[in-house]
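Participant: Have a look; sequence and predicted model below, questions after that.
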Amino acid sequence: MIKWDSKRNSFVSTRSNKRSLAKFDNPENPNLLRDIFPYVSVGKQIFNNHVALLDIPEDIFITDTTFRDGQQARPPYTVKQIVDIYTLLNKLSGNSGIIRQSEFFLYSDKDKEAVRKCLELDFKYPEITAWVRANSDDLKLVKEFGIKETGILTSVSDYHIYLKLGWDRKKALENYLSIIKEALSLGIKPRCHFEDITRADFYGFVIPFVIKIMELSEESGIDIKIRLCDTLGYGLPFPQASIPRGIPQMIQLLKEETGISSEELEWHGHNDFHKALVNGVCAWLYGCSAVNGSLLGFGERTGNPPIEALIFEYLSLRESQEIDTTIITELAYYFEKELGFKIPPNYPFIGESFNATSAGIHADGVIKNEEIYNIFDTKKLLNRPIKVTITDKSGVAGVAYWVNQRLGLTGDKKIDKRHPSLLKIHSWIEKQYQEGRTTSISDDEMEKLCRKYLPELFVSEFDRIKLKAKEMVSHLIRDLVELPDIKSMDPQRQEEALKNFVQENPFVQFAYITDKEGIKITRNITQVEDKPKYEKIGYHEDFSDREWFIEPVKTGKIFVTDLYTSRITGALCVTVSAPIRNEKEEIVGVIGLDIKFDYLAKTEE
C-alpha cells in the first residue's frame, strides 16, 4: 500500500522489503496495482526509506534492437538496408563488443534473407540473436538458422497475463517454463523478456519465476538471461524509488533474492516519460550488465534508448580505444540519404544544429577557442566541426566563421572577418532583422549570399554539370571501350556495338569513333529521330584539333567537355570521350559520346 507523507511531500510505500514476503501467488483476479497506476490520473512515483547502492558491473555493454523493436516504428527496412546498418553497427563497436548483440525477426522471407546475409558477414559483434513468440514452431526457426540465443516473450504483469493472454499466473508460469525447457533441450540460450515488469507483482510472481528460471539454468548448465522490459516507460532512476517502478531497487532485489548475476540481466526501456536514456544508464549503475537500445531511438510508440547516446554514456563510464564514434555521423547520413528520414536539427550528436551557436559573442569565443562552447571535440569524435547559426547576434565574426567552416577554408585560404564582401553579407543580415525578421538565417540563404558576394569560392555551374556527366556516363563508357568489337578498330563491328549502346541509353545524342590520328572512321550513330540531321557528316572528317580528342590521347583518361551548343541539332550538350586501347595497352583510337544537357538537368532534378 502507499500513503501520502506530508513531511516528505511525496508518496511512500508501506511495504517491507523482506525475502520472506517472496511467495508465488495466484489470485483469481488480476492485481492491477491501482494505488500506483490509477489510470484516470498520472501514475504515482513511490519512495521508501531504503536506498539502493551503486553496483556497476565489471562488464557493461549495449545490445541492439534496431531490426526488431526499431522496425515497429517505421517502414520496414529492405534486406540491403538491414545489411548496411548491421555493417555500420559492427564498424561503430569495432572488436570491443560494446554493441554485443543485435536481435532479428525470423518470420517473413525478407527477415530470413536479411539474417542469412548478415550471418554470411561472419562478424563477431554484434552477435545475431533472434526474437520469437513462446511456441515450439518459432524455436525450430531459431535452431534452423544456427542462432545460439533467442528472446522469448514471457510477460509478467497481471495486465498482460490476465487481461491480454486470458490466463492466470499459474498457467503463465507453466507455459513459460515449458517453452524455456524446450529451448534448453535444443541447445538454445533463452533470453526471457519480462514484459511490463514495471507494473508487475514482484513478490507474488516475478521473484518466484526468476528462482524457477535459475534452477533450470543450473540443471542444464546453460545461462538464461532476463530482459527487464519497461514496456510503458514507467521506470524510475531514483535509488529511493520503490518497486515495481524503481530500477535501482528492482535490480538489487532480483540479485539478492534470486542470486541472478549482472551478466544475466538486461534492461529494455521505452521513452513514454522521457526517461528511456537515463533509465538505461541507471540500470548499468545499479547492477545490470546489458542495456538494450536502437539507432536514433526508433522503437515502438515513443522509442528506446538511442544507441548513439548509449555509446557516449558508456565512454563516460569506461575507457575504450575500439569504438569509432565517427560512424555515428555516417549512420545519420545513411538514415537521411538512404532512408529519407529527416533528423530534427536539435537532435543530440547528429542534428544539423546540435553543435551550433548563434550568439555573436559565442561565435567570437569559438574562433578563439572552441572548447568554450563545444561539449567535446566534435570534429575528432563525430567528424562534425562546431558550426555557427547566423542571426542578428552573430556579428561579422560569426559570418566569417560560417563561411570558413562551410566551405572548408583553412590556413591562407581562410576569409578574414574584415573582408569587404563579409561586411556586405553582414549588412544584408542586419537589414533583415531591422525589418522584423525573427528566425535565423538558413544555410541555404547564407550559401546564396556567398555565391553572390564571394563567387570565386564556388565551383562553376559548368563544372558541376561536367562532374554530373562524368559520374553518370564514365562507368558506361569505361565498359564500352572494353568491348571486343570496340577494341577491334573494325568500323563495321564498332558501329553495331554503338547502335546497341545508343538504343539502350536515350541520353546519348551521337556516338562516334576516330582512329589514333583523329580521323572519324564510323558512320553516324544517333537516336532515330536525329538521323536526318546528321546526313551531311561523312567519313574521314578530321577531329584531331578537338579538345575531346586531344585530352584522352594526352592523358589516357576519360574527358568531359564544357557545355556547348551542338552545331548539328542546336541542343545544349557535353561530350564525354575515352581512349581505346589494344591488347598492348597502346591508344589506337578515341570514342566520343555527345550527351544531351536537358537529360542531365532532368536527372539532376
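Facilitator: All right, it came through fine. All figures in this text were calculated on a predicted structure; none of them were measured in a lab. Residues are numbered from 1 along each chain as shown.
Participant: What is the neighbour count of residue 561?
Facilitator: Residue 561 has 20 neighbours, counted by other Cβ atoms under 10 Å. For glycine as for every other residue, the C-beta is placed from the backbone atoms N, C-alpha and C.
Participant: got the contact list for it?
Facilitator: If a contact means Cβ atoms under 8 Å, 6 or more residues apart in numbering, then residue 561 has 466, 547, 548, 574, 575, 576 as its contacts.
Participant: Give the ChimeraX command for selecting the buried subset of the residues you listed.
Facilitator: The following ChimeraX line selects those of these that are buried, judged by 16 or more other Cβ atoms under 10 Å:
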select :466,548,574,575,576
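Participant: Narrow the contacts of residue 561 to those in strands?
Facilitator: Of those, the ones assigned to strands by DSSP state E are 574, 575, 576.
Participant: so which one among these has the lowest pLDDT?
Facilitator: Lowest pLDDT of the ones in strands among the contacts of residue 561: residue 574, 83.
Participant: Show me the helices in the stretch 501-605 of the chain, by range?
Facilitator: With DSSP state H, counting those that start in this stretch, the ranges of helices along the stretch 501-605 of the chain come out as 547-555, 597-604.
Participant: need the helices for the stretch 101-250 of the chain, in chain order.
Facilitator: Listed from the start of the chain, the stretch 101-250 of the chain has helices (DSSP H, counting those that start in this stretch) covering 109-120, 136-145, 158, 169-185, 207-220, 247-258.
Participant: Which one, of those, ends up nearest to residue 48?
Facilitator: helix 247-258 (8.0 Å; Cβ to Cβ).
Participant: Against which helices or strands is that closest one packed?
Facilitator: Contacts defined by 3 or more Cβ pairs under 8 Å, 6 or more residues apart in numbering; DSSP states H and E place helix 247-258 against helix 207-220, strand 225-230, strand 265-269, helix 276-285.
Participant: at 6 Å what do you get?
Facilitator: On a contact count with 3 or more Cβ pairs under 6 Å, 6 or more residues apart in numbering; DSSP states H and E, helix 247-258 meets helix 207-220, helix 276-285.
Participant: Help me confirm that residue 43 comes into contact with residue 37.
Facilitator: Yes: using Cβ atoms under 6 Å, residue 43 is in contact with residue 37, at 4.9 Å.
Participant: So which of these two has more stuff around it?
Facilitator: Higher neighbour count among residue 43 and residue 37: residue 37, with 19 against 16, using other Cβ under 10 Å.
Participant: what pLDDT does residue 1 get?
Facilitator: At residue 1, the pLDDT recorded in the model is 62.
Participant: same deal with residue 358?
Facilitator: Listed pLDDT for residue 358 reads 59.
Participant: try the one 10 residues further on
Facilitator: Per-residue confidence for residue 368 comes out at a pLDDT of 65.
Participant: contacts for stretch 467-483?
Facilitator: Residues from elsewhere that reach stretch 467-483 (Cβ atoms under 6 Å, 6 or more residues apart in numbering): 497, 501, 558, 560, 574, 576, 578, 580, 591, 595, 600.
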